[in-house]
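Novice: Give me coordinates for this.
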Amino acid sequence: MALMITDDCINCDVCEPECPNDAIYMGAEIYEIDPDKCTECVGHFNEPQCQQVCPVSCIPFNPAWRESEEQLRSKFERLQAAKA
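Specialist: The predicted structure follows:
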């Protein structure tokens, strides 16, 4: 499943540069995560980096976007191929 940023976001700007897939962007009022790009850092790190640096813990898993480890790995491979 992808991650999401809740309304508790304080726009501190620390999560965006940590995302290896460029899935985090500034939305209308708070940062948002593009679920098509979010791999929960699978393929890059053992844990989602945005969750690790968030000072207010406002980045939970998105229950509306469920993906298996295999699906996340496949998405990671597709995104990496697109960058090449």
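Novice: How are the helices of the chain distributed by residue range?
Specialist: 49-53, 69-83 (DSSP state H).
Novice: right, so those helices: which one is the most enclosed?
Specialist: helix 49-53 (a mean of 18; mean count of other C-beta atoms under 10 Å). In short, each C-beta sits where N, CA and C put it, glycine included.
Novice: Pull out the C-alpha coordinates of that one and format them as CSV.
Specialist: Only the C-alpha atoms of helix 49-53 are listed here, as CSV (Å, rounded to 0.1, in the frame of the first residue of the first chain):
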residue,chain,number,x,y,z
GLN,A,49,12.2,7.4,4.7
CYS,A,50,9.4,10.0,4.8
GLN,A,51,8.0,8.4,7.9
GLN,A,52,11.4,8.3,9.5
VAL,A,53,12.0,12.0,9.2
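Novice: For the chain, which segments count as strands?
Specialist: Secondary structure of the chain, counting by DSSP state E: strands at 24-26, 31-33.
Novice: roughly how far is the first one from the heart of the chain?
Specialist: Between the centre of strand 24-26 and the centre of its host chain there is 10 Å, according to C-alpha atoms, centre = their mean, to the nearest Å.
Novice: For that strand, enumerate the helices and strands it packs against.
Specialist: strand 31-33 (3 or more C-beta pairs under 8 Å, 6 or more residues apart in numbering; DSSP states H and E).
Novice: I'd like the strands of the chain laid out as CSV, including mean pLDDT, distance to residue 7 and mean neighbour count.
Specialist: As requested, the strands of the chain are exported to CSV (pLDDT from 0 to 100; distance: least, C-beta to C-beta, whole Å; neighbours: other C-beta atoms under 10 Å):
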stretch, mean pLDDT, distance to residue 7, mean neighbour count
strand 24-26, 98, 15, 15
strand 31-33, 98, 11, 20
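Novice: Make CSV out of those strands and add distance to residue 57.
Specialist: Formatted as CSV, the strands of the chain follow (distance: least, C-beta to C-beta, whole Å):
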stretch, distance to residue 57
strand 24-26, 15
strand 31-33, 14
